[in-house]
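**Student:** I'll drop the sequence and a predicted model, then ask my questions.
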Amino acid sequence: MTFDIKAPDFDLEKTLNSGQVFHWEKIDNGFVGTIGEVPVFVEQRGGELKVCRGETPRPAGGTPTLPGMVAHYFALDHSLPEIRAALPKDPAMQAALTFCRGLRIIRQPKWECLATFICSSMKQVAHIRQISRALRERFGEECTISGVVRRLDGVSPHRSINYSVFTFPSAERIARSSEAQLRSCALGYRAKNLLATARLVTRGDVDLESMSRLADVDLRAALGELPGVGAKVANCVMLFAYERLRAFPIDVWIERVLREQYFRRKRNVTPQRLSEFTESYFGEHGGYAQQYLFHYARMFGGRRAVGARKQDATARVPPACGLSLRGL
DNA sequence: ATCCAGGTTGCCA
DNA sequence: TGGCAACATGGA
């Protein structure tokens, strides 16, 4: 069964390839992945999404409608015009913002997001994708997606699709595995942390759902208690799974941008000071600012920008703004 | 081959 | 507090 969903001001590819989520696979002009336990094929055509769902591994009760679920996951309710208007007007921000038009901060399942970002430390995005896939194939459940989608050319009425995808393993499933099994998924030293955190979640020592009621500072502290979760990962999980749009994760890419564009290579700028600056300067939607700067820097910035050709061949040239991030 | 990656942690002064 | 090394793995 396929649905059409209105999705104005949305760029599916930029959203899924910007390093906030790691499991979506580009296939046949669309993407195959899961939204929670629901396997989904999504294809964007102009301002519309064509969505086809597969079978969940188990019958799920109280599931919302597919269009509602998709719209919620991709945060189609976020008002991008308002968010864009509220961001700073400096050249670096404007350039990133122009390039990242339609990129949305999505709403990921909490455990899935937490687990993958625990695996993300000192890993390139490509590696994180490999780890995510390995965990799914080893411990997740396989689902199939089959159906019909109308063809782009409109010559034939439709084409049939048939894909396979794995759900992300639950905390319980990870907790039941061994550190050696996790290491076989190329987790390295992160295996110990993922296992320990999975056990805490499984035992009920932490309740990821009820933590959504905490204020930002308390949520950050609670997440920080988990093994393998420091300031950066906590901010990623807050931003990508708890709808805390102020959260501003600072990784090596963002740190380069901040030092080059906002601190003009000044020395003695501690992580603490960087954090204070981003909090006050980018404000309420800092997470969006961060994601736009991150994606832009990764596509065009110095230190051999990653994937500019493969991921976005149509936009190889950065927007003309009289500013370059080269030489960071 | 060498460098580096969406960091965290423990230990040192 | 701030600096620093260890920690695993594989893409560029």
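**Tutor:** Good, I have the coordinates.
**Student:** For the stretch 151-300 of chain A, which residues are neighbours of DNA strand B?
**Tutor:** A:189, A:193, A:224, A:226-234, A:236, A:249-254, A:290-291, A:294, A:298 (C-beta under 7 Å from any atom of the strand). Any C-beta I mention is one placed from the backbone N, CA and C, and that applies to glycine too.
**Student:** let's see 6 Å
**Tutor:** Residues of the stretch 151-300 of chain A lying close to DNA strand B by C-beta under 6 Å from any atom of the strand are A:227-233, A:249, A:251-252, A:254, A:290-291, A:294.
**Student:** Just the buried subset of these, please.
**Tutor:** In terms of neighbour count (16 or more other C-beta atoms under 10 Å), the buried residues within those are A:228-229, A:232-233, A:249, A:251, A:254, A:290-291, A:294.
**Student:** ok, back up a step: can you tell me which of the residues of the stretch 151-300 of chain A next to DNA strand B is closest to DNA strand B?
**Tutor:** Using C-beta to the nearest atom of the strand, A:Gly230 comes nearest to DNA strand B of those, at 2.5 Å.
**Student:** Looking at the closest one now. What's its pLDDT?
**Tutor:** A:Gly230 is assigned 98 on the pLDDT scale.
**Student:** so what's it up against?
**Tutor:** A:Gly230 makes contact with A:Gly224 under the criterion C-beta atoms under 8 Å, 6 or more residues apart in numbering.
**Student:** Around the residue lying closest to A:Arg190 once chain neighbours are set aside, count how many other residues there are.
**Tutor:** The shortest distance from A:Arg190 to any non-neighbouring residue, by C-beta to C-beta, 6 or more residues apart in numbering, is to A:Cys119 (5.2 Å). Neighbour count of A:Cys119, defined by other C-beta atoms under 10 Å: 27.
**Student:** Go ahead and confirm A:Cys119 touches A:Lys192.
**Tutor:** No: in this structure, A:Cys119 is not within contact of A:Lys192 by C-beta atoms under 8 Å, at 11.7 Å.
**Student:** Can you show me the strands along chain A?
**Tutor:** A:2-6, A:25-27, A:30-35, A:38-45, A:48-53, A:142-149, A:159-166 (DSSP state E).
**Student:** Check what pLDDT the closest residue to A:His158 other than its chain neighbours gets.
**Tutor:** Nearest residue to A:His158 in three dimensions, chain neighbours excluded: A:Val148, at 4.2 Å (C-beta to C-beta, 6+ apart). Predicted confidence (pLDDT) at A:Val148: the value is 85.
**Student:** about what we covered before: is it possible to get TSV of the strands of chain A that adds mean neighbour count?
**Tutor:** Shown next, in TSV, are the strands of chain A (neighbours: other C-beta atoms under 10 Å):
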stretch	mean neighbour count
strand A:2-6	14
strand A:25-27	14
strand A:30-35	22
strand A:38-45	22
strand A:48-53	20
strand A:142-149	16
strand A:159-166	16
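**Student:** now these in CSV, with distance to A:Ser18?
**Tutor:** Shown next, in CSV, are the strands of chain A (distance: least, C-beta to C-beta, whole Å):
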stretch, distance to A:Ser18
strand A:2-6, 20
strand A:25-27, 14
strand A:30-35, 13
strand A:38-45, 15
strand A:48-53, 17
strand A:142-149, 23
strand A:159-166, 20
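**Student:** Quick one: these as CSV, columns for distance to DNA strand C too.
**Tutor:** Output for the strands of chain A, formatted as CSV (distance: least, C-beta to the nearest atom of the strand, whole Å):
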stretch, distance to DNA strand C
strand A:2-6, 32
strand A:25-27, 15
strand A:30-35, 19
strand A:38-45, 24
strand A:48-53, 28
strand A:142-149, 22
strand A:159-166, 19
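**Student:** To A:Arg107, which of those strands lies closest?
**Tutor:** Closest to A:Arg107 of those is strand A:30-35 (C-beta to C-beta; 9.4 Å).
**Student:** quick one: strands adjacent to that closest one?
**Tutor:** Take DSSP bridges as the rule and strand A:30-35 pairs in its sheet with strand A:25-27 (antiparallel), strand A:38-45 (antiparallel).
**Student:** Which residues are in contact with the spatially closest residue to A:Glu137 that is not a sequence neighbour?
**Tutor:** Nearest residue to A:Glu137 in three dimensions, chain neighbours excluded: A:Phe166, at 5.5 Å (C-beta to C-beta, 6+ apart). Contact analysis of A:Phe166 by C-beta under 8 Å, 6+ apart lists A:34, A:133, A:136-137, A:140-143.
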